[in-house]
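# here you go, sequence then predicted model.
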Amino acid sequence: MQFLSTRYRRYCTNAVVAANNEIARYGRLGQIERAQEIFDEMSDKSIVSWNAIISGYFQSKQPREAQRLFDKMPERNTSSWNSLISGYVKNKMIKEARKVFDNMPERNVVSWTSMVRGYVQEGTISEAESLFQQMSERNIISWTVMLGGLIRARRVDDARGLFDSMPEKDVVAWTNMIAGYCQEGRLSEARELFDSMPHRNIISWTTMLTGYAQNSQVDIARELFEVMPEKNEVSWTAMLTGYTHCGRIDEAFDLFNRMPEKSVVSCNAMILGFGQNGKLAEAREIFGRMRNKDDGTWSAMIKGYEKNGFEMEALDLFSLMLRARVQANYSSLISVLSVCSSMAILAQGRQIHGKVVKSEFASDVFVASALVTMYIKCGELGKARFLFDRFAPKDVVMWNSMITGYAQHGLGDDALHVFQEMCSAGMVPDEVTFIGVLSACSYTGKVEDGMKIFESMRVNYSVEPTAEHYACVVDLLGRAGHVHEALDMIEKMQVEADAVVWGAFLGACKMHMNEELAEIAAKKLVQLEPNNAGPYILLSNIYASKKRWEDVEELRKCMRIGNVKKFPGCSWIDIEKKVHMFTGGDSERHPEHRIIVGMLDKLGGMLRDAGYSPDSSFVLHDVDEEEKVHNLGHHSEKLAIAYGLLKVPEGMPIRVMKNLRVCGDCHSAIKLIAKITRREIILRDANRFHHFKDGLCSCRDYW
């Protein structure tokens, strides 16, 4: 009988252990319902059983249910209390964890270490230090957790002091200290520690290698890489990324080809590297060969297209990614929002906004800023302001987006008001803020306000003016007709005037037909940017308006000799999620060019009846008057507007984007088109937005 009793007890014990293991396993897998079923079926529940099910609920992100079960436990031990603390720490509920810690009947080193770890993870290093100092007993894990916290807080010297006082150091502590030095760029100290290590593992070697690679010392990293006793996927990828970050793409590709196994991470790094170096065909080839792609693969390829100006390819790939049921990550969302902004594709932007709302990034300030910028650049200021007002806390990027947005739309008073709100909220303006504010003053003729703000930059905000700030002031003075004061400002600048400054001055000279000063500015620009067609074109405009065709031809001859290419004016419009491009004078490439030309002819008649007379001074070529009128009538923005009138439903604004500054003739014509068709037309040119309605423009003819 005693033998049977012993066997029965052993059987029951084994059954309980097996059940406990199953509860723990299902808890780790997130299948808490199954874990609960097993727990409920147990007739003999031990403390281990209760601890297992409570941990399962914490792992399933149900801390309240975990606490409820803890409160029901018939008996508890220190491990039970520690499990509760650990669960709250993992769920980032540090206050609840501390409450449990303070109420524990008995603590051990695990209790203290869990609490220190919680404060480290929260970034509350002072609290972690305070607890660590109170510990009567510490083990190597306690020391290593505190060491990691100091390194994470970038207190590397304090970390070194703690490291030196550790009674024993394992390979993790040594490696953490090396990583801390590398993070701060203190590679000689990191290497000294690395060379002193009693035992190194592959993580130690890879940490030192990564430190060199991330600090652009890839040749030393390669020397270390070659003598590593063993290498893993992380080692290879660290070396690969080091080469790509330094732009040494050929060496990166050579290493990539040598890799024994090409993981998804290494392929992603290579795609990013090719994208950063403009080698999109090579990036797409790797992308196409990959059998397994993760969200990083798709976002790397999308980013490559976006950064190299292949906006439509980026959008197409993003759509393909979603059809493949791959969740958009942070990088892909930012890239595609940037594309929607640059192309002003509102319909796509709205779709992305919908996906952001459903994603984990809805509360991310950078994503929110990208959404605000997207709506601004699509001409939806109201929606941008709605998002701006409801998002908190705002960072300086978001404030700058709103200020710049109002400036681009010619709403100087609103831009200045947001600037005042920003300062009142305690947000410190930066260089970009003042570029936006000064641009707002420039676009709206607020010379006095702009000059006061410019003077206050250094005095009140400790922001040193850069060439771009001076360019804004030159533009501010020049637009208002104070071209000589603008030139005086250039001559007194405390930084060297660059092409942006002289470009602003040349634009002012063109606006006010000051040929003498325009020639000075153009010559400066040709010296600074000999391959830029801009100064030639602006000066040519001035000569053409004065019918100085010989001078126009001389300029064109200089451009031919210097192989200076003029970018053609092009405009585009988004119709039903498809972008339609138009180049000045060429509508025949469009499949519906016949009806577009028909609409242009119809508009021409309506404009003549309304008293419109083409301003041929905006035609650069010395051709007869009839051809000048034809050229003016087929500028790219007019082609896009004609198509918009055919396709955009009544009551909806017609949104057109243009790569160059809108010419004066088109500006006058579009005001009349908006009036006679009773349509709102929003045109975004290279400089700013123009909202045409009822025969008026939001810029008040000041652009």
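That came through fine.

# low-confidence stretches in the stretch 551-700 of the chain?
585-588, 614-633 (pLDDT under 70).

# all helices of it, in order?
Per DSSP state H, counting those that start in this stretch, the stretch 551-700 of the chain carries helices over the ranges 593-609, 625-633, 636-647, 664-677.

# columns distance to Met73 and mean neighbour count on top of these, output as a markdown table?
Bear in mind the C-beta positions are built from the backbone N, C-alpha and C, glycine included. Output for the helices of the stretch 551-700 of the chain, formatted as a markdown table (distance: least, C-beta to C-beta, whole Å; neighbours: other C-beta atoms under 10 Å):
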| stretch | distance to Met73 | mean neighbour count |
| --- | --- | --- |
| helix 593-609 | 78 | 15 |
| helix 625-633 | 85 | 16 |
| helix 636-647 | 69 | 24 |
| helix 664-677 | 74 | 20 |
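
# relative to Phe366, which of those helices is closest?
Across the helices of the stretch 551-700 of the chain, Phe366 has its closest neighbour in helix 636-647 (32.1 Å, C-beta to C-beta).

# can I get the closest one in CSV, CA atoms only?
What follows is helix 636-647 as a C-alpha-only set of coordinates in CSV (Å, rounded to 0.1, in the frame of the first residue of the first chain):
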residue,chain,number,x,y,z
SER,A,636,1.6,74.1,-68.6
GLU,A,637,-0.6,75.4,-65.8
LYS,A,638,-3.3,76.4,-68.3
LEU,A,639,-3.3,72.9,-69.8
ALA,A,640,-3.7,71.4,-66.4
ILE,A,641,-6.5,73.8,-65.4
ALA,A,642,-8.3,73.1,-68.7
TYR,A,643,-8.2,69.4,-67.9
GLY,A,644,-9.3,70.1,-64.4
LEU,A,645,-12.4,72.0,-65.7
LEU,A,646,-13.2,68.9,-67.8
LYS,A,647,-12.8,66.3,-65.0
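
# give me the helices and strands touching it, please.
strand 570-575, strand 578-583, helix 593-609, strand 654-658, helix 664-677, strand 681-684 (3 or more C-beta pairs under 8 Å, 6 or more residues apart in numbering; DSSP states H and E).

# poorly predicted segments of this structure, please.
1-14, 585-588, 614-633, 703.

# how is it carved up into domains?
465-562, 571-697 (the TED database).

# span of the last one from start to end?
Spelled out, that is domain 571-697. 19 Å (C-alpha to C-alpha, to the nearest Å).

# how far off centre is that domain?
Centre-to-centre, domain 571-697 and its host chain are 33 Å apart (C-alpha atoms, centre = their mean, to the nearest Å).

# also the shortest one?
Domain 465-562 has its C-alpha centroid displaced from the chain centroid by 33 Å (C-alpha atoms, centre = their mean).

# circling back: Thr237 is nearest to which of the domains of the chain?
Among these, the nearest to Thr237 by C-beta to C-beta is domain 571-697 (36.7 Å).

# between the helices of the stretch 551-700 of the chain, which one is closest to Ala66.
The minimum distance between Ala66 and these falls on helix 636-647, with 58.2 Å, by C-beta to C-beta.

# also compute the angle for the closest one relative to helix 664-677, please.
Angle, helix 636-647 to helix 664-677, by axes from the mean of the first three to the mean of the last three C-alpha atoms, to 10 degrees: 20 degrees.

# next, the angle strand 578-583 makes with helix 636-647.
140 degrees.

# so which of the helices of the stretch 551-700 of the chain is nearest Val656?
Nearest to Val656, of all the helices of the stretch 551-700 of the chain, is helix 636-647, at 4.5 Å by C-beta to C-beta.

# what residues does the closest one touch?
568-573, 575-576, 580, 582-584, 587, 590, 592, 595-596, 599-600, 603, 654-656, 658, 662, 666, 669-670, 673, 677, 679, 681, 683, 685 (C-beta atoms under 8 Å, 6 or more residues apart in numbering).

# tell me the angle of it relative to helix 593-609?
Going by the same axes, to 10 degrees, helix 636-647 makes 100 degrees with helix 593-609.

# ok so, going back, can you list the helices and strands packed on helix 636-647 in CSV and add distance to Ser698?
Below are these laid out as CSV (distance: least, C-beta to C-beta, whole Å):
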stretch, distance to Ser698
strand 570-575, 18
strand 578-583, 23
helix 593-609, 21
strand 654-658, 14
helix 664-677, 11
strand 681-684, 9
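
# quick one: which of these is nearest Cys699?
helix 664-677 (8.3 Å).

# does anything pack onto that closest one? Which helices or strands?
Counting contacts by 3+ C-beta pairs under 8 Å, 6+ apart, helix 664-677 packs against helix 593-609, helix 636-647, strand 681-684, strand 689-693, strand 696-697.
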